[in-house]
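**Student:** curious how this folds, go ahead:
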Amino acid sequence: MKESILFIKSKAFAIKIVYLYKYLVDEKREFILSKQLLRSGTSVGANIREARFAQSMPDFISKMSIALKEISETQYWLELLMETEYLGKAEAENMIEECTELTKMLHATVKTSKQNNK
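**Tutor:** Residues are numbered from 1 along each chain as shown. The predicted structure follows:
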């Protein structure tokens, strides 16, 4: 089965989050915010993957909506890490840009799914 572009991008994003988490723990000795980032950042792709096998359209919409919430939370942690100088501005902004792209894709998916479910 061919993977959706949303799943591919969210999985690639999760991989970057894992490496960023390792950097924050190993190099910056930051354990609290980085753990929150790891949880929310990897949850996005997990929920998208789970939606693939949704039992119904409302279940699909629910999973995608959870992914949308998780990407928003991830962006918050990235902004916080940047503003507290655990992450450099360029590095954080690159990741935040990816959050924005995933947010737009997820929002469009949820909106279209809700319209089609009427």
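**Student:** please identify the helix or strand for the closest residue to residue 52 other than its chain neighbours.
**Tutor:** Spatial nearest neighbour of residue 52, chain neighbours left out: residue 7 (7.2 Å); criterion: CB to CB, 6 or more residues apart in numbering. Where C-beta positions appear, they are placed from N, C-alpha and C, glycine not excepted. The secondary structure element spanning residue 7 is helix 5-26 (assigned by DSSP states H and E).
**Student:** return the set of buried residues in that helix.
**Tutor:** By 16 or more other CB atoms under 10 Å, the buried positions in helix 5-26 come out as 6, 9, 10, 11, 13, 14, 17, 20, 21, 24.
**Student:** pretty sure the residue nearest to residue 52 contacts residue 44?
**Tutor:** No: under the criterion of CB atoms under 8 Å, residue 7 lies out of contact with residue 44, with a separation of 10.1 Å.
**Student:** by contact count, what packs against the helix or strand harbouring residue 94?
**Tutor:** Here residue 94, judged by DSSP H and E, is contained in helix 89-116. Identification of packing neighbours for helix 89-116 by 3 or more CB pairs under 8 Å, 6 or more residues apart in numbering; DSSP states H and E yields helix 5-26, helix 57-83.
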